[in-house]
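Enquirer: quick one, fold the following:
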Amino acid sequence: MAFDLFFNSSLILLAIGMLFKIAQWFSYKIGIQAQNSTFTERLLSSLKAIFGIVFSPKIVVVLRVFILDVLFQHKILKQDVLRWIMHMLIFWGFILLFFMHALESVVSDAIFSSYYSTVNPYMFLRDFFGFMVLIGIAIAICRRFFMKIHRLSTNKMDVYAIFIVAAIILSGIFLEGAKIISYTDFRNMEEEFSALDYKEDILALEAYWVKYYGLVSPNITGQISQETLAAGEETHTESCADCHTRPQSAFTGYAVSKIMKPIGGLLDRMGLVTFLYYFHILACFIGLALLPFTKMLHIITTPISLITNAIMQRDKSNPLNIATRQLIELDACVHCNTCSKTCSQGPVCDVKNNMNILPSERMLSLRQYYKTKDLGSSQFMAIQEGIYLCSNCDRCTVVCPAGINLKELWYDVREEFIRSGTSITPLVLSPYSYNRTYNQEDFGATLSDMPVRHAKGIIASRYKKKSRAKDVLSLTDNDNEFKGKKEHTPQESTFLYCFSCENCTNVCPVVMNYEKPEQVLDLLPHQMMRSIGLGLKDLALGSNMLWDCVTCYQCQEHCPQNVKVTDIFYELKNKVSKDCFYSQKE
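Expert: Model (predicted):
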């Protein structure tokens, strides 16, 4: 009765929490597509899309993704076998345990006419499913705290997810073990179901249970005679055999009962069964009630993300549905760090000491940002830096086991920051500037919004440079010949391959020599490459970085695009020297 009350209450709170979460998905604004939309418009748009998918060929794609990526988690298997084993153990163990045991009155009783939780195969299966979850939790703990996986960080939500699942399973196992040895539990069961009238019959049944069922009884000591066991077996067969299998089948609970048996009488008098019973249902209650507000929500949101990203296309899907999907994706992130391991900007995190450069950490910050819209200036700037440093390589999207379209999400969030006027990074020096310029239709932007159009103004306000001769450089228009191939050697033309991942800047000993290198060097190595790419000749040739370079070739050796950074610097200095020579002759 108490379990049903707690369980039903937790289901009600779960339903309320899910309604609140769904309301957030259709109310919060993300990107630029949904800024002027209403809750009703977005809800109706999603319902219309769902109805259209059910009665279209796309339903085949939905079923395929559900089977391969949700039920069997094929995406995880392709990346990490150990992590796949961990997920499958926890997912399937918990799901099967939930439906067979927690919902036994609804599921198991309805399917199996002879169902009792204390008979086989159900008793064995309950322990087997719980053991599966325990093994999965053990692997999760090892991965999080002992294996030192690259760029994997653990926060309080990760700890909570492991703790609450472990508390539910372990309390259930210890409760089962306590029930096996409990004399009080045995007496209550005997009085309710067997109704034996003679003390001899009760003692015989107790003796039989002490011998074969692990019971700890204060009335049975020493050797038990065969006559007593035979009488107890007869009583057991008449009153208990139909609903009780020997507890050895419940291998986890039975193992715990053997450990507790030496002090079983004391534990029983202390009311251990009652304590563990309420602790177990309280853990289940808390886990279900808080599911919409914790990392555990990914049980629901990750399948939605996998399915929606498999059938939605940016150029064909309703922008309102894309915005709703992206808010669901923020909750679908499981903080597994798969994206961070493959991120081309990952090394920058160590240099800049900004965790928001890593995609998995940025997702957590964005989730908080869209909840509160107020993170404080320092954290907001950290998010912006992480987003603007993104090189748009799309590696994070490809490997995400939750199917989240991370590249598309970064696009929309950056565009929102730009349109809101909160952007703090000069777009001309950001990898995003090229993408935004060449994908104008995707963002609904006009030419007047484009960073390349504003490059000259941005540079004039922040980057007026002086040459070594202390002559103020004039800010001329873009030099198309300078940014083309004709004026450069094949080796120098490799600047075209640069996508501003900043690896060159992060390994440069000259940059690391200064606390604020931008103020001393004018431009950093990756900004030099970008200046050449934009045709800003005066800016590139007038930078102190060009002359302070120690030609150690660290930048060139670490470039993933094989840009000949140091050699480019050599040729640029030769150009300046050549120009100075001819100007002096004239």
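
Enquirer: give the helix, strand or coil label for Gln561.
Expert: Assigned by DSSP: H, G, I helix; E, B strand; the rest coil, the conformation of Gln561 is coil.

Enquirer: and the strands in the stretch 1-150 of the chain?
Expert: In the stretch 1-150 of the chain, no segments count as strands under DSSP state E, counting those that start in this stretch.

Enquirer: how long is stretch 291-303 end to end?
Expert: One end of stretch 291-303 to the other measures 15 Å (C-alpha to C-alpha, to the nearest Å).

Enquirer: list the contacts of that stretch.
Expert: Residues from elsewhere that reach stretch 291-303, judged by C-beta atoms under 8 Å, 6 or more residues apart in numbering: 14, 17-18, 20-21, 66, 70, 157-158, 160-161, 164, 287, 290, 328-329, 331-335, 402-403. C-beta coordinates here come from the backbone N, C-alpha and C atoms, glycine included.

Enquirer: just the buried ones from these?
Expert: Among those, those classed as buried by neighbour count (16 or more other C-beta atoms under 10 Å) are 14, 17, 21, 70, 158, 160-161, 164, 287, 290, 328-329, 331-335, 402-403.

Enquirer: so of these, which ones are in helices?
Expert: Using DSSP state H, the subset of these located in helices is Leu14, Gly17, Lys21, Asp158, Tyr160, Ala161, Ile164, Gly287, Ile328, Glu329, Asp331, Ala332.

Enquirer: show me the contacts for the second one.
Expert: Taking C-beta under 8 Å, 6+ apart as the contact definition, Gly17 lies against Ala289, Leu290, Leu291, Pro292, Phe293.

Enquirer: of those, buried ones?
Expert: By neighbour count, with 16+ other C-beta under 10 Å, the contacts of Gly17 hold Ala289, Leu290, Leu291, Pro292 as buried.

Enquirer: distance to Tyr553 and pLDDT for those residues - can I get that in JSON lines?
Expert: Formatted as JSON lines, the buried ones among the contacts of Gly17 follow (distance: C-beta to C-beta, whole Å; pLDDT from 0 to 100):
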{"residue": "Ala289", "distance to Tyr553": "59", "pLDDT": "88"}
{"residue": "Leu290", "distance to Tyr553": "54", "pLDDT": "89"}
{"residue": "Leu291", "distance to Tyr553": "54", "pLDDT": "91"}
{"residue": "Pro292", "distance to Tyr553": "53", "pLDDT": "92"}
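
Enquirer: quick one: which of those is nearest to Ile111?
Expert: Distance to Ile111, by C-beta to C-beta, is smallest for Leu291 among these, at 25.2 Å.

Enquirer: I'd say Pro347 and Thr505 touch.
Expert: No - checked against C-beta atoms under 8 Å, the pair Pro347 and Thr505 is beyond contact range at 10.4 Å.

Enquirer: low-confidence stretches in the stretch 101-250 of the chain?
Expert: In the predicted model, the stretch 101-250 of the chain carries pLDDT under 70 at residues 195-196.

Enquirer: tell me where the stretch 251-400 of the chain has helices.
Expert: Along the stretch 251-400 of the chain, counting by DSSP state H, counting those that start in this stretch, helices occupy 251-260, 264-269, 272-289, 298-311, 319-332, 338-342, 346-352, 359-372, 377-388, 395-399.

Enquirer: to Ile224, which of the ones you listed lies closest?
Expert: Ile224 sits nearest to helix 264-269 of all the helices of the stretch 251-400 of the chain, at 16.8 Å, using C-beta to C-beta.

Enquirer: for that closest one, packing partners?
Expert: helix 156-181, helix 183-189 (3 or more C-beta pairs under 8 Å, 6 or more residues apart in numbering; DSSP states H and E).

Enquirer: any idea which of the ones you listed is most buried?
Expert: Counting by mean count of other C-beta atoms under 10 Å, helix 156-181 has the highest mean neighbour count of the helices and strands packed on helix 264-269, with a mean of 21.

Enquirer: what angle do that helix and helix 272-289 make?
Expert: Our comparison of helix 156-181 with helix 272-289, counting by axes from the mean of the first three to the mean of the last three C-alpha atoms, to 10 degrees, yields an angle of 150 degrees.

Enquirer: and helix 156-181, what does it pack against?
Expert: Where contact means 3+ C-beta pairs under 8 Å, 6+ apart, helix 156-181 is packed against helix 122-145, helix 251-260, helix 264-269, helix 272-289.

Enquirer: let's have these in JSON lines, adding distance to Phe91.
Expert: Output for the helices and strands packed on helix 156-181, formatted as JSON lines (distance: least, C-beta to C-beta, whole Å):
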{"stretch": "helix 122-145", "distance to Phe91": "8"}
{"stretch": "helix 251-260", "distance to Phe91": "19"}
{"stretch": "helix 264-269", "distance to Phe91": "34"}
{"stretch": "helix 272-289", "distance to Phe91": "15"}
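
Enquirer: skip the chain neighbours and tell me the closest residue to the spatially most central residue of the chain.
Expert: In the chain, the residue lying closest to the centroid (C-alpha atoms, centre = their mean) is Val334, at 2.0 Å. In this structure, Val334 finds its nearest non-sequential neighbour in His298, 4.9 Å apart by C-beta to C-beta, 6 or more residues apart in numbering.

Enquirer: what's the answer for Met132, then?
Expert: Nearest non-adjacent residue to Met132, counting by C-beta to C-beta, 6+ apart: Gly93, 3.2 Å away.

Enquirer: and the helices in the stretch 401-550 of the chain?
Expert: Counting by DSSP H, counting those that start in this stretch, the stretch 401-550 of the chain has helices at residues 406-420, 432-438, 440-443, 451-462, 480-483, 503-507, 509-512, 517-521, 525-534, 537-541, 544-548.

Enquirer: could you tell me the least trusted of the ones you listed?
Expert: With a mean of 46, helix 451-462 has the lowest mean pLDDT of the helices of the stretch 401-550 of the chain.

Enquirer: ok now do the nearest residue to Lys179 once chain neighbours are set aside, which residues does it touch?
Expert: Take Lys179 and drop its neighbours on the chain: the residue closest to it by C-beta to C-beta, 6+ apart is Asp185, 5.2 Å away. Counting by C-beta under 8 Å, 6+ apart, Asp185 makes contact with Lys179, Asp268, Val273.

Enquirer: now do Asp185 against Leu175, distance only.
Expert: Distance, Asp185 to Leu175, using C-beta to C-beta, to the nearest Å: 10 Å.
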